[in-house]
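**Q** let me see the structure of the following:
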Amino acid sequence: MMRICCVCQRVERHGVWESVGFLSGDEPVTHGYCPDCFVEVLAEIEELAGAMAVRTLTAPDWPTMRGQWG
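**A** Numbers count the residues shown, from 1 in each chain. Purely as a prediction, here's the structure:
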């Protein structure tokens, strides 16, 4: 399945992100973020929501999935 970046519209083919003028309807497509856009979007999220936006699920004070979501 081919991935297309939902921000810049580049397409990943064989691990390389490239600009493509058009896509044929022959191959299934899924959306995601290319590495460059992912970094930019992550920085925007951190700026908007503060440093607490990006955390790992293993952080000691992060709630578990056992109904502790307040």
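**Q** so which elements touch whatever helix or strand residue 30 lives in?
**A** Taking DSSP states H and E as the criterion, residue 30 maps to strand 29-32. Counting contacts by 3 or more C-beta pairs under 8 Å, 6 or more residues apart in numbering; DSSP states H and E, strand 29-32 is packed against strand 2-5. C-beta coordinates here come from the backbone N, C-alpha and C atoms, glycine included.
**Q** buried set for the strand it packs on?
**A** In terms of neighbour count (16 or more other C-beta atoms under 10 Å), strand 2-5 has its buried residues at 3-5.
**Q** okay, those in a markdown table with distance to residue 40 and pLDDT next?
**A** Output for these, formatted as a markdown table (distance: C-beta to C-beta, whole Å; pLDDT from 0 to 100):
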| residue | distance to residue 40 | pLDDT |
| --- | --- | --- |
| 3 | 17 | 89 |
| 4 | 17 | 91 |
| 5 | 11 | 92 |
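**Q** spatially central residue in this structure, please.
**A** residue 33 (4.4 Å; C-alpha atoms, centre = their mean).
**Q** which residue is the nearest non-sequential neighbour of that one?
**A** Distances taken as C-beta to C-beta, 6 or more residues apart in numbering place residue 5 nearest to residue 33, at 5.8 Å, with adjacent residues excluded.
**Q** quick one, what contacts that neighbour?
**A** Contact analysis of residue 5 by C-beta atoms under 8 Å, 6 or more residues apart in numbering lists 11-12, 17, 31-34, 37.
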